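# coords please:
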Amino acid sequence: MAPLQSFQAVEELEVKLREVGLDLRLLQLSNGRLSGNLITRQFGPLRLLRLQANRSLHVAGGKPRDRRMIALNLVHDRNAPPLRAHGTAIGADVLFGLDSQTDVHLSTPERMDLAVVMVNPGMLTRWSSGEGSPDLESEPFRFNVLPIDTASRAPLQRWLLHLLSLQVETSPVVAAPPSEADGGGDGLLPLLVDVLEQGLRQRGWPDRPPARIELVKQLQRWTDEHPLEPISLESLCSQAYVGRRTLIQGFQEHLGMGPMAYFKLRRLHGVRRELLEAQPGAATISGLAASWGFLNPGHFARDYRRLFGELPSATLPRRSGFAGRSRGTAVDHSSAWSG
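Numbering: from 1, shown residues only. Prediction:
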């Protein structure tokens, strides 16, 4: 895989992430043509990724069981909308995504810039500070989020950006560090170990997930498992045994929109995936849209163009770029769309 790859659709990004060991499903949440970059670097058993995108995304799926994952939000702007992992607002001064027993459940703002470290088990322990150190093979990864202070984050972020910008592959442990003016260190792994140990010492966050995030996840799972069910606000409330206000607040808090708007976006993505996979002459746009519950062709075309930046008819010629992409990913068909 090339170190720098651009993408213009979530389907393209899914393919690129799968090539580096991340089998994730993505939905575009905000309107407009998507664009972004995925930068990857491989240093022996250590893999680094940087993901940048200009649209809000929802990312879900499993984590690799043979690697530890450590993510850092590179956007250091307290006024920017938050990135959320399992409902927790993620600023610049936390490491997140650590718990290998939990799946990815990420909602990003429109300005997204994310660094991910994927490291083989045991590498961090070899670089621990020795006597009295916590068990870095397991202890940090009991939590999905670790707070760190600014003094720890700044050199870690500089090292990550330094290594992600290298043009020639070198070991991050022996590579020449950034200049002293940049406040460089001795290498990424020892620095990462220091940050993890510091985060464990200061961790005071509750383990309990934020309110209503489990409600959101429950309904996401339910729609995956019952793809042909018509959806209305009332049916969602009945399924989750909650009131309208609680349901709406949960989706607003964690996905930035109401439940009906979110599930409508999921169906628009469903139509798009089928258009990308359709054989020439095997299906019509109106037929596919109707199978997903969009019965008004004019309204469907308007909503599709607003979300993806192109008409459905422009998506069909792009299918060759995604040939062989689908591997039976669970998607939610619907025979009706109510509400």
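
# from here on, contacts and neighbour counts on C-alpha atoms
OK.

# For the lowest-mean-pLDDT helix or strand in the chain, name the packing helices and strands.
Every helix and strand of the chain was ranked by mean pLDDT, DSSP states H and E. The lowest is helix 123-126, at a mean of 75. Judged by 3 or more Cα pairs under 8 Å, 6 or more residues apart in numbering; DSSP states H and E, the packing partners of helix 123-126 are helix 188-202.

# in what helix or strand does the residue nearest to the spatial centre of the chain lie?
Using Cα atoms, centre = their mean, the residue of the chain that lies closest to the mean C-alpha position is Val59, 3.5 Å off. Take DSSP states H and E as the rule and Val59 turns out to sit in strand 57-61.

# what's next to the least confident helix or strand of the chain, contact-wise?
With Cα atoms under 8 Å, 6 or more residues apart in numbering as the test, helix 123-126 has contacts from 135-137, 189-190, 193.

# and what of stretch 144-155?
92-99, 102, 140, 183-185, 195-196, 198-200, 202-203, 205.

# could you flag which of those are buried?
92-99, 140, 184-185, 195-196, 198-200 (16 or more other Cα atoms under 10 Å).

# Now for these: which two are most distant?
Asp99 and Gly184 (28.2 Å; Cα to Cα).

# all strands for the stretch 51-200 of the chain, in order.
Applying DSSP state E, counting those that start in this stretch to the stretch 51-200 of the chain gives strands spanning 57-61, 68-73, 83-85, 88-90, 94-96, 104-107, 112-119, 145-147.

# how about these in JSON lines, adding distance to Asp224 and mean pLDDT?
Output for the strands of the stretch 51-200 of the chain, formatted as JSON lines (distance: least, Cα to Cα, whole Å; pLDDT from 0 to 100):
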{"stretch": "strand 57-61", "distance to Asp224": "12", "mean pLDDT": "95"}
{"stretch": "strand 68-73", "distance to Asp224": "26", "mean pLDDT": "94"}
{"stretch": "strand 83-85", "distance to Asp224": "20", "mean pLDDT": "92"}
{"stretch": "strand 88-90", "distance to Asp224": "23", "mean pLDDT": "89"}
{"stretch": "strand 94-96", "distance to Asp224": "26", "mean pLDDT": "92"}
{"stretch": "strand 104-107", "distance to Asp224": "15", "mean pLDDT": "94"}
{"stretch": "strand 112-119", "distance to Asp224": "26", "mean pLDDT": "94"}
{"stretch": "strand 145-147", "distance to Asp224": "27", "mean pLDDT": "90"}
